[in-house]
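*Asks:* Fold the following.
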Amino acid sequence: MCAHSSSANEVVEKIARQLYPFIAKKFVELREYNKAHNPCSNAALLYEIVQGLKHEFESLSNYETKLVFPAVQAVFDTKDNPDFNPTVNIDELQQLTQKKETLIREFVEDLQLEAEMLSLKKGHPIYSIIQVFTESFVAEKAQWNRMLLSWNKGCACFAKANNATAKGNQLSNSTRLHGTR
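*Replies:* Okay, here's the model as predicted:
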């Protein structure tokens, strides 16, 4: 197993098993708050933004926990398995997750602006959602992305996996061009 495996497992544990459930809980708290308090009638845009943010967050969370994190962890197992043939390209996975992260940050910015325009009280649960994204989510995802970048540049396991997926993509494209499968 690769030496980077334990640090990857720690970050995955922190993001997937602690941060993501905590954020999901914040959305539930907001829903419960809205049931107990009648949301103001001019808050339609605010809740539309919340729904967009929630959708992107859930999409990212599912994508990472079911595909990205297991794929990265599998790459680290290549050191002891010379026959390992990765099925996903980590670079492509990272590009997609970073696009989703950018969308999430944009939703959070819009949410903050709309909450301020509505003059919501500071105790409103919307601010808790904003805070967890602006502080915890951004910091944890930045750390994860720095680690991936470092591994892509200096980890033999990642180099092996990237080379294998690049060859697999070339072979796949070649067979499509020539009409054989």
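*Asks:* Please compute how far stretch 44-55 lies from its chain's middle.
*Replies:* 18 Å (CA atoms, centre = their mean, to the nearest Å).
*Asks:* meant to ask about stretch 94-106
*Replies:* For stretch 94-106, the distance to the chain centre is 7 Å (CA atoms, centre = their mean).
*Asks:* Just the buried residues of it, please?
*Replies:* Along stretch 94-106, these residues count as buried under the neighbour rule (16 or more other CB atoms under 10 Å): Gln94, Thr97, Lys100, Glu101, Leu103, Ile104, Arg105. Placement of C-beta: from N, CA and C, glycine included.
*Asks:* Turn these into a markdown table, columns for distance to Ser41, secondary structure and pLDDT.
*Replies:* Below are those laid out as a markdown table (distance: CB to CB, whole Å; DSSP: H, G, I helix; E, B strand; the rest coil; pLDDT from 0 to 100):
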| residue | distance to Ser41 | secondary structure | pLDDT |
| --- | --- | --- | --- |
| Gln94 | 42 | helix | 88 |
| Thr97 | 37 | helix | 95 |
| Lys100 | 32 | helix | 97 |
| Glu101 | 33 | helix | 97 |
| Leu103 | 28 | helix | 97 |
| Ile104 | 27 | helix | 98 |
| Arg105 | 28 | helix | 98 |
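*Asks:* where in the protein is pLDDT low?
*Replies:* Residue ranges of the chain with pLDDT under 70: 1-4, 39-40, 78-87, 156, 158-181.
*Asks:* Roughly how far does the most centrally placed residue in it sit from Leu53?
*Replies:* Geometric centre of the chain, nearest residue: Leu60, 4.4 Å, by CA atoms, centre = their mean. Remark: distance between Leu60 and Leu53 (CB to CB, to the nearest Å) = 11 Å.
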